[in-house]
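**Q** Curious how this folds, go ahead:
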Amino acid sequence: MTTTQAPGWRTYYQERLVSAPDAAARVRSGDHIYIPVGQAPHAVIRALLARRDELENVTVTCLPAADYGWLTPEFAGRINVNVLYANAFTRTALEQRLADYTPFMIYGQHKALDEGREGARPIDLTIIHVTPPNEHGYVCLGHAVWDAKTTVRRARMTVAVVNEHLPRTYGDSWLHVSEIDLFVEDHTPLPDTTSRTYPPPEPWDAAIAGYVGSLVRDGDTIQIGIGSTTGNLLRLGALDDKHDLGYFGELTVPGTIDLVKKGVITGRRMTTHPDRFIASTAGNSAEDRAFIHDNPFFEFYAVDYVLDPRVIARNDNFVAINNALAIDLTGQIAASTLGPRVYSGTGGQLSFALGAFLSRGGRYVCVLPSTARNGTVSRIVPQFEAGQVVTVPRELADTVVTEYGIAHLLNRSVRERAEALIAIAHPDFRTELRAAARRLFWP
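**A** Down below sits the predicted model:
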């Protein structure tokens, strides 16, 4: 890969400008393709899938951003998908074992891909999404940086899909064209995925939003993770009355950019990046992206940095707010699987829980509705069943919120934790939870 900045970058770009089928033709049987999280180079992916019958044992590691039709038996052994974080497009395929899954705590660290580590898996091709080059020959990764820049520098070959609809952003989000091997122009407008990713509020969400709002103080630096419950916190005004909040997180939920417009998020008291908004990706709509475009208040950095617990902890009064699927009475938090069935992924939750734990004045807030399956199942359980994967260990459990209140677990005994969690469980399940707690934790 060329890494020098040749003066004739326009010539370099034009000589390497190809069609999507031409780019896909570079893939060979046995190749490992990596598509960074948040990147959606649809044209090249679809061109690759058209070559299905020509290829064998190609592995694509990614978080699929669309239903490409590749999670079917017809692709098995030819183009195999390795999922980094499960979503609506992949859960069924994972359950049917038509896709593989790789657990990651910090995406950008990529210990399994690190060239300096024994047994490392090389990246033969990475496919990214970028803006058209500026007058100096630099392309921008837009509003979804994630680990694209670091991956480009590890990969044998990089294909960049160029899209004029990507916003230009500040921070560590730029690459010179000489770092990229092939370019494919595809100016399809970016979709608005808010409604798909974040459903409308449920009856319990308003109460949870109110409790979360009581836990955040003026001047705190916050992070809010992906999920249906966290996705409605800001829509329901949880932080509208706060002042001078900072933001340091991997992504944003609907309403986050609105808090910037309202003057709630200013970054004024932020420790690491005062007067800035820090993320790996941000913007859930075209309106959000337009506000972020060429706006120096927003700075984007790779997840190697944003999800490093040591970096997170440098922010005083850091408040991490994340979803859970279930929690047991000792404080073990499950956020990625339902039993052994993969539902989502660890994402940044463990990183932010650690960072908040180490931050001076930091807090880790876990939110979840008290029940699931139309109220027939309690999300607060006596013990996890065999096969359940724990996302955050009980040693880091801090503050838990349901629609019935707030449970403070940090520095509490197992018995005290059980009592606090039962108090915020759904009333229909409290009697059996108390009986189980007595059996498990009392003589």
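**Q** Find the nearest non-adjacent residue to residue 396, please.
**A** Sequence neighbours aside, residue 353 is the residue nearest to residue 396 in space, at 4.8 Å (criterion: CB to CB, 6 or more residues apart in numbering). Backbone N, C-alpha and C define where each C-beta goes, glycine included.
**Q** leaving aside the residues next to it on the chain, what's closest to the spatially most central residue of the chain?
**A** The residue lying closest to the centre of the chain (CA atoms, centre = their mean) is residue 347, at 5.2 Å. The shortest distance from residue 347 to any non-neighbouring residue, by CB to CB, 6+ apart, is to residue 85 (6.1 Å).
**Q** Test my guess that the one you found contacts residue 344.
**A** Yes - the criterion here is CB atoms under 8 Å, and residue 85 meets it with residue 344 at 6.2 Å.
**Q** Could you tell me how many residues sit around residue 43?
**A** Using other CB atoms under 10 Å, residue 43 is surrounded by 20 other residues.
**Q** OK, contacts around it?
**A** 20, 161, 184, 186, 188 (CB atoms under 8 Å, 6 or more residues apart in numbering).
**Q** Confirm for me that the first one is in contact with residue 51.
**A** No - at 11.2 Å, residue 20 does not count as touching residue 51 under the criterion of CB under 8 Å.
**Q** higher neighbour count, those two?
**A** Ranked by neighbour count (other CB under 10 Å), residue 20 and residue 51 place residue 20 first, with 21 against 15.
**Q** mind checking the SS state of residue 48?
**A** helix (DSSP: H, G, I helix; E, B strand; the rest coil).
**Q** give me phi/psi at the nearest residue to it once chain neighbours are set aside?
**A** Of all residues not flanking residue 48 in the chain, residue 24 sits nearest, at 4.3 Å (CB to CB, 6+ apart). Main-chain torsions, residue 24, degrees, to the nearest 10: phi -60, psi -30.
**Q** how much space between residue 24 and residue 46?
**A** For residue 24, the distance to residue 46 (CB to CB, to the nearest Å) stands at 9 Å.
**Q** Mind checking which of the two has more residues around it?
**A** Neighbours were counted for residue 24 and for residue 46 using other CB under 10 Å; residue 24 has more, 23 against 16.
**Q** what's near enough to touch that one?
**A** Listed by CB under 8 Å, 6+ apart, the contact set of residue 24 reads 44, 47, 48, 50, 51.
**Q** per-residue pLDDT, it?
**A** In this model, residue 24 is scored at 97, pLDDT.
**Q** how near is it to residue 315?
**A** 42 Å.
**Q** contacting residues for residue 158?
**A** 1, 125, 126, 127, 128, 152, 179, 180, 181, 182.
**Q** thought the last one was touching residue 160?
**A** In other words, residue 182. Yes - at 7.3 Å, residue 182 and residue 160 qualify as touching, with contact defined as CB under 8 Å.
**Q** more crowded one of these two?
**A** Using other CB under 10 Å, the more surrounded residue of residue 182 and residue 160 is residue 160, with 31 against 18.
**Q** Am I right that the more buried one is in a strand?
**A** Yes - the assignment for residue 160, made by three-state DSSP, places it in a strand.
**Q** beta partners for it?
**A** Under DSSP bridges, the beta-bridge partners of residue 160 are residue 128, residue 183.
**Q** just checking, it touches residue 186?
**A** No - with contact defined as CB under 8 Å, residue 160 does not count as touching residue 186 (10.4 Å).
**Q** List the buried residues for the one helix or strand in the chain whose mean pLDDT sits lowest?
**A** Every helix and strand of the chain was ranked by mean pLDDT, DSSP states H and E. The lowest is helix 194-197, at a mean of 72. Residues of helix 194-197 classed as buried: residue 197 (neighbour count, 16 or more other CB atoms under 10 Å).
**Q** what comes into contact with it?
**A** With CB under 8 Å, 6+ apart as the contact definition, helix 194-197 has outside contacts at 88, 226, 231, 254, 284, 285.
**Q** So what would you say the end-to-end distance of stretch 247-263 is?
**A** End-to-end span of stretch 247-263 (CA to CA, to the nearest Å): 12 Å.
**Q** Next, the buried residues of the longest helix that the chain contains.
**A** When the chain is parsed with DSSP state H, its longest helix is helix 427-441. By neighbour count with 16+ other CB under 10 Å, helix 427-441 contains the buried residues 429, 430, 433, 436, 437, 441.
**Q** follow-up on the earlier one: ranking by neighbours, what's the top pick from the contacts of residue 24?
**A** residue 44 (29 neighbours).
**Q** Give me the next element, helix or strand, following the strand or helix carrying that residue.
**A** Using DSSP states H and E, residue 44 sits in helix 42-49. Next along the chain after helix 42-49, taking DSSP H and E as the criterion, comes strand 58-62.
**Q** what does that following strand contact?
**A** 27, 29-37, 48, 70, 78-84, 102.
**Q** could you redo the last one with a cut-off of 6 Å?
**A** Residues from elsewhere that reach strand 58-62, judged by CB atoms under 6 Å, 6 or more residues apart in numbering: 31, 32, 33, 34, 35, 79, 80, 81, 82.
**Q** which of those residues lies closest to residue 135?
**A** residue 35 (28.7 Å; CB to CB).
**Q** Now for the closest one, how many residues are close by?
**A** 24.
**Q** swap in the one 4 residues further on?
**A** By the measure other CB under 10 Å, the count of residues near residue 39 is 26.
**Q** Going forward, count from 34.
**A** In the new numbering, first residue 34, that becomes residue 72.
**Q** Give me the distance between the residue nearest to it when sequence neighbours are not counted and residue 459.
**A** Among residues not flanking residue 72 along the chain, residue 162 sits closest, at 4.7 Å (CB to CB, 6+ apart). Shown here: residue 162 relative to residue 459, a distance of 43 Å by CB to CB.
**Q** and these two? which has more neighbours close in?
**A** residue 162 (26 against 19).
**Q** unless I'm mixing things up, that one is touching residue 71, no?
**A** No - using CB atoms under 6 Å as the test, residue 162 is too far from residue 71 to be in contact (8.3 Å).
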